[in-house]
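# Here is a sequence with its predicted model. Questions after.
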Amino acid sequence: MNKSIKKYISLVLVALVLSACGGKKENSEESAQADSTVKDSTSVDENKVTFTPEQYRLADITTGSIEERNLSNVIKLNGVIDVEPASIATVSAPLGGYIKTAGKLPGEYVSKGQLIAGLENSEIISMQQQYLESIGRMEYLEQEFKRQQQLRSEDINAAKTFQQVSSEYKINKAKIAGLTQQLVLVGINSSALKNSGKIARTASLYAPISGYIKTSNVSIGKYASPTDVLFEIVGKSDMHLALNAFEKDLDKIKVGENVKFSLASENNFNRNGKVFLIGRAAAENKMIPVHCHMEDQPGLVVGMYVKAWIETGTEKQLAVPTDAIVKLGDKDYLIIQVSGGDKGYVFHLDEVKKGAEQEGYTAVVTPSHLDVKSAKIVTKNAYAILSALRNAAEEE
């Protein structure tokens, strides 16, 4: 009897100990689960993230669907706004000299033939002196040549005398012609010098084309050598696009094709151009130059960076708003809303491959498991969801 009672009491004690251990384990699991719930109301499982209704509302998320749209296959290019070679000019001082006039401000407009600088140089004075002396001597030699020619025709003078006068006459005539051209180079009118007989100590530089001053390296008193560039002038009459294309795209680009382009600060490709010249030699960076005429539009300045694309054909493709695509690492993703309601909103990342981009939409190649007809994609504030996914992953 006593043995039976002792055996019964032992069994009861073992049962109580096991029960206590089990309760502690269960309580520990419940506590860990509670801590996880308190830690963050956004849960994550690899590429899946859950938002509470409040988080969803604050994130201002908008969803849409994957559409089929007629998108053009495009070739992307970049480059600058440039001008024809005839619309670019540099101005230097052919003989050099000390600058005596103030320069022009960059952006200032000048007309062809307008005085833009004056220089002083002793050679300029010497050149004018030689010219006037040669002109004076020419009057005598011309008369002497005619007199000796007449005498020679009557066989009065010696042939040697006539040849000597003829030679001096021709040498002086050539000297005057050469000095006349040198005076033109330094901006001095030889006819005005001949009529007035006044020697000027200042030579003038004139604008060779009409356009805008790009650079001005002129200041009063500075010495300018013949190799120094004093002004760069750029005209705007022949502005065009100077684009660069990859070698692999050369066969796809044709003269006459339409080009859509935008400035670096713009997102809409609503400016138009047309290909008129395609280079046939690659530069050191393996790019092919493509030149395009463009419509004259206000606000365009030579040297501006532009981005452009050329349409090479249209076909129906799966497309989403460009803002719906998010980048994680070196891959592109769509965020799919799997479910939503009072219990929360579940989102999943699906990798896609980007295609042509046009007018705010981008073509995509979706994974085979994704039902494109029923898929609900995040089209607004997709990066808010991506940020939540990253934060949750870091906390784990």
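All right, it came through fine.

# pretty sure residue 228 is touching residue 92, no?
Yes. Between residue 228 and residue 92 there is a contact at 6.1 Å, judged by CB atoms under 8 Å. For the C-beta atoms, the positions are set from N, CA and C on the backbone; glycine is no exception.

# for residue 69, what are its contacts?
By CB atoms under 8 Å, 6 or more residues apart in numbering, the residues touching residue 69 are 316-317, 319, 361.

# Any of those buried? List them.
Those of those that meet the buried threshold are 317, 319, 361, by 16 or more other CB atoms under 10 Å.

# and the residue lying closest to residue 101 once chain neighbours are set aside, what helix or strand is that in?
Sequence neighbours aside, residue 118 is the residue nearest to residue 101 in space, at 4.5 Å (criterion: CB to CB, 6 or more residues apart in numbering). According to DSSP states H and E, residue 118 maps onto strand 115-120.

# What are the phi and psi values at residue 336?
According to degrees, to the nearest 10, the main-chain angles of residue 336 amount to phi -100, psi 130.

# now the end-to-end length of stretch 57-77.
Taking CA to CA, to the nearest Å, stretch 57-77 runs 40 Å from one end to the other.

# What's the mean pLDDT across it?
Mean pLDDT, stretch 57-77: 83.

# That one: which residues count as buried?
59, 61, 63, 66, 71-75, 77.

# again with stretch 250-258
253, 257.

# same question for that stretch, mean pLDDT?
Average pLDDT, stretch 250-258: 87.

# who's in contact with residue 322?
Taking CB under 8 Å, 6+ apart, one finds 357, 360-362 in contact with residue 322.

# Just give me the neighbour total for residue 299.
Per other CB atoms under 10 Å, the neighbour tally for residue 299 reads 6.

# So residue 296 belongs to a helix, correct?
No. Using DSSP: H, G, I helix; E, B strand; the rest coil, the assignment for residue 296 is coil, not a helix.

# May I have the beta-bridge partners of the spatially closest residue to it that is not a sequence neighbour?
Spatial nearest neighbour of residue 296, chain neighbours left out: residue 239 (7.5 Å); criterion: CB to CB, 6+ apart. Bridge pairing for residue 239 (DSSP bridges) gives the partners residue 83.

# ok, now how distant is residue 239 from residue 68?
Separation of residue 239 from residue 68 (CB to CB, to the nearest Å) stands at 39 Å.

# Burial check on residue 260, number of neighbours?
Residue 260, neighbours per other CB under 10 Å, totals 19.

# show me where the stretch 101-250 of the chain has helices.
122-153, 159-185, 190-196 (DSSP state H, counting those that start in this stretch).

# Nearest to residue 112, out of those?
helix 159-185 (15.7 Å; CB to CB).
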